[in-house]
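Trainee: Coordinates for the following, if possible.
(2 chains)
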Protein chains: 2
Amino acid sequence: MSPAKSVRLALLGCGIVGSEVVRLLHEQRDDLTARIGAPLEIAGIAVRRPGRERGDLPVDPSLFTTDALGLVKRDDVDVVIEVVGGIEPARTWLTEALRAGKSVVTANKALLAEDGGALHDAAADGGADLYYEASVAGAIPLLRPLRESLHGDRVTAVTGIVNGTTNFILSSMASTGAGFNEALEEATELGYAEADPTADVEGFDAAAKAAILASLAFHTRVTAADVFREGMTGVTAGDMASAKEMGCTIKLLCIAQRTTDAVSVRVHPAMIPLTHPLASVGDAFNAVFVETEAAGPLMFYGRGAGGRPTASAVLGDIVAAARNRLTGARAPSESNYAELTVRPIGESLTRYHISLDVAEKPGVLATVAGVFAHHEVSIATVRQSGREDDAKLVIVTHSAPDAALAATVEALSRLDIVRSIASVLRVEGGAG
Amino acid sequence: MSPAKSVRLALLGCGIVGSEVVRLLHEQRDDLTARIGAPLEIAGIAVRRPGRERGDLPVDPSLFTTDALGLVKRDDVDVVIEVVGGIEPARTWLTEALRAGKSVVTANKALLAEDGGALHDAAADGGADLYYEASVAGAIPLLRPLRESLHGDRVTAVTGIVNGTTNFILSSMASTGAGFNEALEEATELGYAEADPTADVEGFDAAAKAAILASLAFHTRVTAADVFREGMTGVTAGDMASAKEMGCTIKLLCIAQRTTDAVSVRVHPAMIPLTHPLASVGDAFNAVFVETEAAGPLMFYGRGAGGRPTASAVLGDIVAAARNRLTGARAPSESNYAELTVRPIGESLTRYHISLDVAEKPGVLATVAGVFAHHEVSIATVRQSGREDDAKLVIVTHSAPDAALAATVEALSRLDIVRSIASVLRVEGGAG
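Mentor: Coordinates of the predicted model:
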């Protein structure tokens, strides 16, 4: 192999993912050089505390700097890798980098979901590459297939388990019968949940990923603000038990669906049948189920988080960006020509599983069914179980606008004969 | 959108896959133009019988020709799409096309497995792209992730269900208890098996795909001749029953493994635990399980065959090749720098599940265990079940060189106390 000019990297951030990127660059040095046709070289690493002890990190300490913006602007930097996260100052750094024609590899889902369009614009202005495989579903090669492999097909739906923390919690609730708090505690002890788990359990993390997936799948700019979001803290051991009775389990899903001229993008817990490929995705694993017109159903499965898995995705993007620098090629630019409308959740078609505690007297089912009919919601199945003074109705609907379903639940709650609404869950994947 | 010069396609073959390519090009015309930045146009279609009735195929009949080589060489052709299959004349056509600088998209697994290196060389000579996503696992975006996404990581193993026909047969045997012949008959009736199923059931099809996967995963030229191949016609209802007893099922697997300086590539039926992600891949679906050093386990799942799914993969490659024509970019070239040795099956480390009918008398286990010890094969588990004159020993080994395992079986068959060897199956995926 003839020694070619090296491709020089600026690394922004050196935490869990950044350190693993440095280690992999070191460990796989020879392979990477052979695959790219030139060596990769770290030009600098921007961190908050350059003097911090970094154990056995195989890197020259003089490369650390606190001046991220200065590093990004240096003439000898070809590719900027951002693993800091958050909106600012990452947005400023990456916008500057792209406008200056430097390729960007980022794992920053929050920034892409909030302002990915602006980053793509900056990339187009600067003639630079923007890669972000690590931003969704960690190590799973998912965005490249969506961005490239499926461009000869029409994606109709993307349904994913894209948050490892909540999947660990729900898998644990399903297997042990534990409640949410108990399962969260276990997840925290095992390092699967952060001290403040809000971003995970309230679905913010999954909503950002849903926006990124929907944008790629439907060739339409979708931001986090477009995504309906409902967390999974309200899922109870009782909900999980009724899911089981129906041959289902409960997962926190990100769902992006396409109709002819609109898309629906949402994150919420949902019952799915145990026979659905996503049902058996356990522990902290991620998986994304993609439906297309021609290819049919596809699934991508793997680790969604963790330093090394995420670093693997970052490295794959670095190799692509470096090859492009050497050959003059370019990453596919943003594809947003379809400009589909994002439908609000109220207009999205969903299905509900509703469990009611009702009075045990004649005519209850007729009254309840009347409320569904009044809201033009069609019932798929009803199960009635009565024990003296404690009767229960479990109803699964056909699909209907979410607003009609919500209004039905609201009206049911006002009925005298309904003592309480034990649970309301959306149903996906053909369950019920 | 400003009308750009069209990208002109030559289609070689217009059977099941080719017709679907034509239909998708027609149906998704506007989307494809928007995604590529220029329209795609069919310059000609080479077929054996141009006059044949082709129903409602949305294409100008004057485009049909019998002169494939002439079509390939035409100056106005940019991308050549080959969906004929077989070694010749496809090899001649594609070599001519690539040398003339025309990009090639092919689904031809047999040709790639036999002579992929020569095609890659021709692509390098002509400065042309060679794409072949549809050659393995049909619609599943798998080769692009291996060729690009995982290039910052080191793949240690690829284990796949890559033949839909045999997976349908084995899934049916597992669920109904049917024998091979009965399940094959059902598969033939339902159109999952061809009239002559040899290529599928004897593992030739899977072996070609194994060679392609191993080449990409390990950056080493691997041909079909390097792949150890054992078909699945010998799998009996009894084997499937003993697999079940062990909490396993039987799948026809393609396996490519890497050690430090060598690779092992093989196709054979094997027992895998029901808890393995590949175990639940049913019907005619395909799935490929990829293990890497940094990303950990990944799985890709979807339809492995069928006109439309395969055409989806072909279209994705056409879009990539067309974009490259417009931007002057190039597909990743062949990566074969690692030049690892392909280890013969005898040296490959495997595990065996051996079921013996033995005489019911004292010392049988000691004698049998002695044979294993003599061949330096370590036993993981033994189950002994005796009924008067009909005793059975079921032995699962630890991993050992396949030659030592085969020699052990051979020696066991010569023992007087062994009445018959009821079954021998390899074991994968941590079963046993």
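Trainee: Longest helix in chain A, by number of residues?
Mentor: Taking DSSP state H as the criterion, chain A has its longest helix at helix A:307-327.
Trainee: tell me the average confidence for that one?
Mentor: For helix A:307-327, the mean pLDDT works out to 96.
Trainee: Quick one: list the elements packing against the helix or strand following that helix.
Mentor: Later in the chain than helix A:307-327, the nearest helix or strand by DSSP states H and E is strand A:341-342. For strand A:341-342, the packing partners by 3 or more Cβ pairs under 8 Å, 6 or more residues apart in numbering or on different chains; DSSP states H and E come out as strand A:262-273. (C-beta placed from N, C-alpha, C; glycine too.)
Trainee: So what touches the helix or strand following the strand it packs on?
Mentor: Where DSSP H and E defines the elements, the next helix or strand beyond strand A:262-273 is strand A:285-292. Strand A:285-292 has contacts (Cβ atoms under 8 Å, 6 or more residues apart in numbering or on different chains) with A:137-138, A:140, A:142, A:146, A:150, A:153-164, A:167, A:213, A:217, A:276-278, A:281, A:297-305, B:139, B:312.
Trainee: ok, and the closest non-adjacent residue to the closest residue to chain B within the stretch 301-432 of chain A?
Mentor: Using Cβ to the nearest Cβ, the closest approach of the stretch 301-432 of chain A to chain B is made by A:L315 at 2.3 Å. Leaving aside its sequence neighbours, A:L315 sits nearest to B:G152 (Cβ to Cβ, 6 or more residues apart in numbering or on different chains; 2.3 Å).
Trainee: try A:A241
Mentor: Counting by Cβ to Cβ, 6+ apart, A:A241 lies nearest to A:G177, which is 7.3 Å off, once chain neighbours are set aside.
Trainee: can you map out the strands along the stretch 51-200 of chain A?
Mentor: Remark: strands assigned in the stretch 51-200 of chain A by DSSP state E, counting those that start in this stretch are A:64-65, A:79-82, A:103-106, A:130-131, A:155-161.
Trainee: who does the first one touch, helix- and strand-wise?
Mentor: In terms of contact count using 3+ Cβ pairs under 8 Å, 6+ apart, strand A:64-65 is assigned the packing partners strand A:40-46.
Trainee: And the strand it packs on, what's buried?
Mentor: Within strand A:40-46, the residues that count as buried by 16 or more other Cβ atoms under 10 Å in any protein chain shown are A:40, A:42-46.
Trainee: same thing with stretch A:352-368?
Mentor: By 16+ other Cβ under 10 Å, the buried positions in stretch A:352-368 come out as A:352-356, A:358, A:364, A:367-368.
Trainee: In strands, which of these appear?
Mentor: Using DSSP state E, the subset of those located in strands is A:352-356, A:358.
Trainee: Would you mind giving these as CSV with distance to A:E245 and pLDDT added?
Mentor: Formatted as CSV, these follow (distance: Cβ to Cβ, whole Å; pLDDT from 0 to 100):
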residue, distance to A:E245, pLDDT
A:Y352, 16, 96
A:H353, 11, 95
A:I354, 14, 96
A:S355, 10, 93
A:L356, 15, 94
A:V358, 18, 93
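Trainee: after the helix or strand of chain A with the lowest mean pLDDT, next one along is what?
Mentor: Least confident helix or strand, chain A: strand A:379-387 with a mean of 86, by mean pLDDT, DSSP states H and E. In the C-terminal direction, the helix or strand that comes right after strand A:379-387 (DSSP H and E) is strand A:390-397.
Trainee: could I have that next one exported to CSV, CA atoms only?
Mentor: Provided in CSV are the C-alpha atoms of strand A:390-397 (Å, rounded to 0.1, in the frame of the first residue of the first chain):
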residue,chain,number,x,y,z
ASP,A,390,-66.9,-6.6,40.4
ALA,A,391,-67.4,-6.8,36.6
LYS,A,392,-64.8,-6.0,34.0
LEU,A,393,-65.1,-5.1,30.3
VAL,A,394,-62.0,-5.4,28.1
ILE,A,395,-62.6,-3.8,24.7
VAL,A,396,-60.3,-3.7,21.7
THR,A,397,-61.2,-1.3,19.0
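Trainee: what about the helices in chain A?
Mentor: For chain A, the helices defined by DSSP H cover A:16-27, A:29-36, A:68-73, A:90-99, A:109-126, A:143-147, A:164-176, A:180-189, A:198-201, A:204-218, A:237-245, A:307-327, A:364-374, A:402-413.
Trainee: How about the contacts made by the closest residue to chain B within the stretch 101-250 of chain A?
Mentor: For the stretch 101-250 of chain A and chain B, the shortest gap (Cβ to the nearest Cβ) falls at A:G152, measuring 2.3 Å. A:G152 sits next to A:294, B:24, B:28, B:32, B:312-319 when contact means Cβ under 8 Å, 6+ apart.
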